[in-house]
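Undergrad: Okay, structure incoming, though there's no sequence with it:
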Ligand SMILES: Nc1ncnc2c1ncn2[C@@H]1O[C@H](COP(=O)(O)O)[C@@H](O)[C@H]1O
Ligand SMILES: Nc1ncnc2c1ncn2[C@@H]1O[C@H](COP(=O)(O)O)[C@@H](O)[C@H]1O
Ligand SMILES: Nc1ncnc2c1ncn2[C@@H]1O[C@H](COP(=O)(O)O)[C@@H](O)[C@H]1O
Ligand code: NA
Ligand code: NA
Ligand code: NA
């Protein structure tokens, strides 16, 4: 009982975070019909800077890390990516209308990872003083890419036109060439082999919170704008969007906890793994799916992810932090 | 006599401010035919960040403020907004050519508030160590909206087509939905209810001066560019643009001084009220007037405000600071 | 021998600089087919801020400088600009295919100065603790404009249509009106006559390294993209692009060393002069040449400068720093 | 293979974009495209790309392809008489041929 | 002085831009222009200029002037049947006259 | 209701924009619109939107609607012969119908 009260207190404290407030603020001003908008050029630059920052930070720290520790969590991330999509295939797809692709693509996005949610979790954990191995954010592609590939393969199996085999290597290469993953990878490599510490400290790190607050504003406005589209598809997408992040996050937390027991994976790492699992892709996943599963209805999967999945995943970050506070009795 | 010398010294010192230097620099390079320009996306982002910064700053401080103190200055602001437009109706409009709307719309902009001038005053006062109640910048809409509404009502009366009654509530809602006021309001609310202090301190506040310097550059270039248009309208606009900011600022200073006597309104608050009164809107006011008084000539009111009113108001900021230095013997 | 080893060690240390790493990173991701791109609006803003920063920094410091010291280095810079183009006229142009203009325009760009290379050198030298007179970056136009004019005059002589005389004053004015030089000049003037120290310290200086890292990324991607074009022109451009920066830099270092002996020009100043000489213009020079020598093939001169000249000049910065370390036994 | 249609092009300030879109929707037009730009006309210069203080005064081009010429004409009439009398803007019509006529 | 030609206009999401450009290149088209924008159609709204989460879903207009109408028609046919069946996009053709016909 | 007119479309690099605008002004054209973009042609690729080092080499489209076809032809002739001989750019003409013919 005490544990539960602790949990509620920790959860409530986290919900006041400015990061989440900007998200809700974005939804509110969109709902009120505000004409405020952030120029597209700024948005694209913000995403690049955030991903470079995450990559550089991880890269700088990896220099001194024992990379063998990375293996188990990376495996856990990949398993989560695949399993989440399989769960969606079994639960969502059969209920999501005549075309199974719609449900499969949606599950693919929820298996993949949201860069903005990951960044928000990093800031919230820093405010809470919850530490993680510096390489954890680099697990992003280990969960993201297997999830997208699983969805694409399942969609092709569903169509039963067994002829076209997905070229998995092409999908991996194409994913890594996307703007967000390229920036993450570039930052990672530069962090490891160059000495970017001064520019990291004078530019990338100080801008991190601020740019994230603007990105949260955009995500909030976008979530509200897409709700209209979501209304045009089956109810089950809304239900999935509301519940799946919690289920997936719990799965991620569970697997992370096992890694903690096995190799001492940090509590912060467990939380980040849960957040990545809970999050759904809304920047880099959709175009990959659109290109590979053209018959799936984007209104369904983008609506479910951007309008519901991402806000729920963002608002659930405090949940995983509070859970960690209690379970690891921090 | 000593007082007057003190005043001149303070005034001269302030004029060296980098903020004003960037304004004059913008006018100079435009006059010299430079091809330097600031991308539109950057400009729009700068305005949003400045308004969020002003709102967040006010909101954070309001948490601990005694809001009953706000009432009298807010009333003063609204009275100023209305009175300035009425003065313009009586002095400018009859002299401004065949169509009274042109003069009325111009008076409307001069009654309204310029975000860039307000921001510049905040930076100049900070450099001078002149403090104000944190909620003073939030008086912006209390002066801005009544001024615009007064102008719109007067224009409709002038047209004597008494049939169409202006929907005042629609104008208020539309004003608040504009990009600048939305950002101000959002910042204010987030400042009060979330805890945005870390992101305020790491991002919004450090960028304030820098972004303002870029905005001043833009305002200077724009002032120069619009001068050509102003030449196409009656002389009286130029005369109004040169003198009105000083008259309005003095009115604002006077009303602020009364509030100081009545409820201890701070000297810095008095200066900011004078600056808001002296300033004329050039970002958010014009589209409201264009939509509501389509028959008024934008070359007249935008020219008068952007080309003359705003530079004069900006250059008069040191005047109000120096006046406060002398009157409140700071 | 020891000296040579010292030199190699210093050179190797410098090559690890994050500034150069971002350049190589940009080339690498472009080569790997990444879709990462930086919005044009951001790029243009970065150039303006970097040039304002360089100008403001120089202007602030010039206030206390003895400007008579500037004369000899400024003369050296102008001589370098002219001499480099003349060398190119004699060596490159006769070997560069049927149209001498192509080679002359290329030599013009290599005589001119690259803003990004200059900025990179300033950051690398700061990391190395190598100091220079604050006005040295202001030598930029003293080398840049004479080089462009020399190329334009030579091109007109080559065409033997002696009738059209180049209007040298028009070219100077047009150069100074370009975005980059306007921003440099504006910063310089504001630095001298206003007191921009607070905004310099809170905005322009902190953003310098970060914006430069983004610019290096862009230069790297652009260098890779233009390589294809370069393949369509004669080999000699590639050879010139590879060797000329080293020759020109050595010339600059030599002239700077003479100025050091004559008037005590600082070792850092000598390095910056070498870097400016080694660098080739890729932002502001090309449009001047295009307008004045329309018959020259841009694929040749832009390819040689952007794809090869600039990367080589950037990677040679550590060379001049290491040379200074050894020669001035720092 | 192709069907004749008309393209209605409207160049106005962003301020009028909602009004134009409402006219198009009311007239049953199923789609249109919007391109930001700048221009020059009797109301002076509108910059493209460089900072312009009032975003609502930036130029946009709205292009709508329709199969029914009368609809296009009536939209253009409403626009020119009700909105563009004293506001910047022009309207023109041009012939096009479309595929998949059902889309228009 | 002038030569008749046709202009093929394709409005698609940026995702399809490489495919369209490949079709044009294969068909021997020597040049085209690209303009970023936004729009509205059966697949909903595409913003112009304001931040849009997925860059690949932004609208672009591709204009290619060609002298050979048959080539234009065959490109349009491939596009409408192979790509635009269930993806946003429209295609139209319009008559133009060009100078320096050799360029096209 | 409508009047026939021609639309002159010029696609050039920003470097030539002032020259084109001067030609239009000299010829008495009362208005034109400008749209930033990118393109591909005999002088290679011009990016749209992504950073491009030299702003003056970005592509712009200039559209001018005129009532007088001869004026349009003479502007196009001057452009193609004097400016576009060895610089990137194309020009085309297309038929349009306008309202409020007095504006053009
Ligand atoms: N003749 C024209 N051809 C093309 N665009 C025009 C023309 N006249 C006006 N425009 C466009 O319409 C806008 C408003 O024109 P105006 O109402 O004449 O001020 C201008 O800024 C241009 O973008
Ligand atoms: N009738 C139309 N006229 C002009 N543009 C259109 C039209 N219909 C669709 N579009 C454009 O094509 C895009 C995709 O249309 P759709 O396939 O109908 O969703 C829209 O976003 C518009 O940019
Ligand atoms: N056939 C064409 N259709 C449309 N635009 C073209 C065409 N050819 C060239 N362009 C445009 O004109 C620019 C210059 O073309 P060019 O002179 O061929 O290099 C290109 O970048 C395109 O934007
Ligand atoms: Na996930
Ligand atoms: Na006012
Ligand atoms: Na040089």
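TA: Cool, got the structure. Computed from a predicted structure; not experimentally measured. Ligands and ions are numbered 1, 2, ... in the order given.
Undergrad: I'd say residue D:83 and residue D:77 touch.
TA: No - contact criterion Cβ atoms under 8 Å: residue D:83 and residue D:77 do not qualify, at 10.9 Å. To be clear about C-beta, it is placed using only N, CA and C from the backbone, and glycine gets the same treatment.
Undergrad: So between these two, which is more surrounded?
TA: Legend: neighbour count by other Cβ atoms under 10 Å in any protein chain shown for residue D:83 and residue D:77, higher for residue D:83 (19 against 14).
Undergrad: quick one, what contacts that one?
TA: Residue D:83 sits next to D:12, D:16, D:19-20, D:89 when contact means Cβ atoms under 8 Å, 6 or more residues apart in numbering or on different chains.
Undergrad: So which of those residues is the closest to residue C:127?
TA: residue D:12 (52.8 Å; Cβ to Cβ).
Undergrad: Neighbouring strands of the helix or strand that contains that closest one in the sheet, and parallel or not?
TA: Using DSSP states H and E, residue D:12 sits within strand D:3-13. In the sheet, strand D:3-13 lines up against strand D:59-66 (antiparallel), strand D:89-98 (antiparallel) (DSSP bridges).
Undergrad: looking at chain A, which helix or strand does the model trust least?
TA: Taking mean pLDDT, DSSP states H and E as the measure, the helix or strand of chain A with the lowest value is helix A:2-15, at a mean of 73.
Undergrad: Relative to the whole chain's centre, how far out is that one?
TA: When C-alpha coordinates are averaged (Cα atoms, centre = their mean, to the nearest Å), helix A:2-15 and its chain have centres 24 Å apart.
Undergrad: Tell me which helix or strand comes right after that helix.
TA: helix A:18-31.
Undergrad: for the record, mean pLDDT for that following helix?
TA: Across helix A:18-31, the average pLDDT comes to 94.
Undergrad: Between helix A:2-15 and it, find me the angle.
TA: Relative orientation of helix A:18-31 and helix A:2-15, computed by axes from the mean of the first three to the mean of the last three Cα atoms, to 10 degrees: 60 degrees.
Undergrad: Any chance of the backbone angles for the residue in chain D that ligand 5 sits nearest to?
TA: Going by Cβ to the ion, ligand 5 is nearest to residue D:53 of chain D, at 16.4 Å. Dihedral pair for residue D:53: phi -50, psi -50, per degrees, to the nearest 10.
Undergrad: what's the helix or strand for the closest residue in space to residue A:140 that isn't next to it in sequence?
TA: Leaving out its chain neighbours, the residue that sits closest to residue A:140 by Cβ to Cβ, 6 or more residues apart in numbering or on different chains is residue A:113, at 5.1 Å. Using DSSP H and E, residue A:113 is not contained in any helix or strand.
Undergrad: how much space between residue A:113 and ligand 1?
TA: Going from residue A:113 to ligand 1 by Cβ to the nearest ligand atom, to the nearest Å gives 44 Å.
Undergrad: what's that residue sitting at in phi/psi?
TA: phi -120, psi 140.
Undergrad: wait, what's in contact with residue 34?
TA: Using chain A. If a contact means Cβ under 8 Å, 6+ apart, then residue A:34 has B:177, B:179, B:182, B:186 as its contacts.
Undergrad: that's the wrong chain, I wanted chain D
TA: Residue D:34 neighbours (Cβ under 8 Å, 6+ apart): D:17, D:60-63, E:37-40, E:48.
Undergrad: if I look at whichever residue of chain A sits closest to ligand 3, how far off is chain D?
TA: Across chain A, the shortest distance to ligand 3 (Cβ to the nearest ligand atom) belongs to residue A:41, at 21.0 Å. Counting by Cβ to the nearest Cβ, to the nearest Å, the gap from residue A:41 to chain D is 11 Å.
Undergrad: Does that residue touch residue C:37 like I think?
TA: No - using Cβ under 8 Å, residue A:41 is not in contact with residue C:37; the gap is 10.7 Å.
Undergrad: where are the low-confidence patches of the chain?
TA: Unless you meant another one, I'm taking chain A. A:1, A:10, A:160-166, A:330 (pLDDT under 70).
Undergrad: Chain D is the one I meant
TA: For chain D, no range has pLDDT under 70.
Undergrad: Now it against ligand 1: closest residue?
TA: residue D:39 (1.8 Å).
Undergrad: beta partners of that residue?
TA: Bridge pairing for residue D:39 - DSSP bridges - gives residue D:46, residue F:33.
Undergrad: Number of residues surrounding the nearest residue to residue A:240 once chain neighbours are set aside?
TA: Once flanking residues are discounted, residue A:240 sits nearest to residue A:92: 5.0 Å by Cβ to Cβ, 6+ apart. By other Cβ under 10 Å, the residues close to residue A:92 number 24.
Undergrad: biggest helix in chain A by residues?
TA: helix A:235-263 (DSSP state H).
Undergrad: helix or strand right after that one?
TA: Once helix A:235-263 ends, the next helix or strand along the chain (criterion: DSSP H and E) is helix A:267-278.
Undergrad: so how far is residue E:54 from residue A:181?
TA: 14 Å (Cβ to Cβ, to the nearest Å).
Undergrad: correction: residue A:14
TA: Noted for residue A:14: a distance of 29 Å to residue E:54, by Cβ to Cβ.
Undergrad: What of residue A:256?
TA: Taken as Cβ to Cβ, the span from residue A:256 to residue E:54 is 29 Å.
Undergrad: the more surrounded of these two?
TA: For residue A:256 and residue E:54, the more surrounded residue by other Cβ under 10 Å is residue A:256, and the numbers stand at 30 against 21.
Undergrad: just checking, that one touches residue A:268?
TA: No - here residue A:256 does not reach residue A:268: they are 10.0 Å apart, not a contact under Cβ under 8 Å.
Undergrad: does any bit of stretch A:277-292 sit next to chain E?
TA: Yes - against chain E, stretch A:277-292 shows contacts by Cβ under 8 Å from any Cβ of the partner chain at A:282-283, A:286-287, A:290-291.
Undergrad: What's the local residue count around the residue of chain D found nearest ligand 2?
TA: Here the residue of chain D nearest ligand 2 is residue D:31; by Cβ to the nearest ligand atom that distance is 2.2 Å. Neighbours of residue D:31 under the rule other Cβ under 10 Å: 19.
Undergrad: Look up the closest residue to it, ignoring the ones flanking it.
TA: residue E:41 is the one closest to residue D:31 (Cβ to Cβ, 6+ apart), at 3.5 Å.
Undergrad: how close does the one you found get to chain B?
TA: 25 Å.
Undergrad: what sits against that residue?
TA: Residue E:41 touches D:30-32, D:103, E:88, E:90, counting by Cβ under 8 Å, 6+ apart.
Undergrad: One more: residue A:131?
TA: By Cβ under 8 Å, 6+ apart, the residues touching residue A:131 are A:125, A:266, A:268.
Undergrad: same question, residue A:55
TA: A:137-138, A:183-191.
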